[in-house]
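Q: Sequence plus predicted model, see below.
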Amino acid sequence: GLLSKGTTFTEGVGDLLAVDIGGATTDVHSAIDRFDLNHGISMHGLQYPPLSRSVQGDLGMRWSALSTFNADANWLVSESRKRNLHEDTMKKGCQQRNSKPHFLARDETNQWIDEMLAVSCTTLSLERHCGSMRAVYIQNQGVDLVQEGINCRNVPLLIGTGGMLAYDAKGEVTLKTALARQTNEVLSPESPDVVIDRKYILGAAGILSTIDPQAAFNLMESELISEAPMA
């Protein structure tokens, strides 16, 4: 929330999302200051707070690799076929990672499996964290649009951190691929700037903020926001 809202002396950068991929879970953090409900749309369920965090316990790169495969099997198998790999290659790779969490990918195929798992973790965690829009038919009234959850469509900044996003050279591609895979019903960011936290600045700033919020904000702004592409 500090980077989004700023400090007493410095204005924040505004709305943002952050995705953190780990071995067991994938976490999504959102900081969205404004809640706008477009004309003609009704809200279903609770209105979420400006700062939200979701933890997907079945989406991860090692301990949760097999459950990640099960959650996104059709896409993962389809991508394997495009690469001319046997359809069992991906599942076996996930089983190996699940049973041996300290496994390191050293060959091209296993590195590719890790990249695809990262896309799955990001895709599904964003889908679950962001809200959705659906059309509901109401008798004698016609079709009504109903929003449920957080509308992240207009969020201008998406930050990736942790594991494959931080250390893999294709971290930015992973985030963009995950965004491209979102369905029209999901209220995920449409065209955000994408930034990779390769130095784990967010974690360091979180600790620093307990002592000096301004220094923590300056660190994030200089190391992350200055790296964001210009729109």
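A: Received the coordinates, thanks. What you see is a predicted model; the values in this text were computed from it and never measured.
Q: show me where pLDDT drops low in this protein?
A: Within the chain, the ranges that satisfy pLDDT under 70 run 34-48, 136-143, 227-231.
Q: Okay, the spatially closest residue to Asn151 that is not a sequence neighbour and Gly93: tell me how far apart.
A: What sits nearest to Asn151 in space, not counting adjacent residues and going by CB to CB, 6 or more residues apart in numbering, is Leu187, at 4.6 Å. (Glycine included, C-beta is placed from N, CA and C.) Going from Leu187 to Gly93 by CB to CB, to the nearest Å gives 32 Å.
Q: neighbour count winner among those two?
A: Neighbour totals were compared for Leu187 and Gly93, and Gly93 leads with 25 against 22 (other CB atoms under 10 Å).
Q: quick one, phi/psi of that one?
A: Backbone dihedrals for Gly93, given as degrees, to the nearest 10, come out at phi -60, psi -40.
Q: repeat for Ser64
A: The phi and psi values for Ser64, taken as degrees, to the nearest 10, are phi -110, psi 20.
Q: roughly how far apart are it and Trp112?
A: For Ser64 relative to Trp112 (CB to CB), the value is 19 Å.
Q: so how many other residues sit close to Leu157?
A: 21.
Q: I'd guessed it sits against Gly12; true?
A: No: using CB atoms under 8 Å, Leu157 is not in contact with Gly12; the gap is 10.9 Å.
Q: Please enumerate the helices of this protein.
A: For the chain, applying DSSP state H gives helices covering 2-5, 65-71, 73-82, 88-99, 108-129, 163-167, 171-180, 201-208, 213-223.
Q: who wins for proximity to Gly149 among those?
A: Nearest to Gly149 among these is helix 108-129 (8.1 Å), distances taken as CB to CB.
Q: quick check: angle from the closest one to helix 171-180?
A: Angle of helix 108-129 versus helix 171-180, following axes from the mean of the first three to the mean of the last three CA atoms, to 10 degrees, is 50 degrees.
Q: I'd guessed Arg181 sits against Thr123; true?
A: Yes: with contact defined as CB under 8 Å, Arg181 and Thr123 form a contacting pair (4.7 Å).
Q: Looking at these two, which one has more neighbours?
A: Comparing Arg181 with Thr123 by other CB under 10 Å, the one with more neighbours is Thr123, at 25 against 18.
Q: how about the more buried one, what does it touch?
A: Neighbouring residues of Thr123 by CB atoms under 8 Å, 6 or more residues apart in numbering: 72, 75, 177-178, 181-182.
Q: rerun that using 6 Å as the cut-off
A: Each residue near Thr123 by CB atoms under 6 Å, 6 or more residues apart in numbering is listed here: 178, 181.
Q: picking up where we left off before, can you lay out the helices of the chain as a markdown table showing distance to Asp33?
A: Below are the helices of the chain laid out as a markdown table (distance: least, CB to CB, whole Å):
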| stretch | distance to Asp33 |
| --- | --- |
| helix 2-5 | 7 |
| helix 65-71 | 31 |
| helix 73-82 | 33 |
| helix 88-99 | 38 |
| helix 108-129 | 17 |
| helix 163-167 | 25 |
| helix 171-180 | 21 |
| helix 201-208 | 19 |
| helix 213-223 | 16 |
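Q: Nice, that's everything, thank you.
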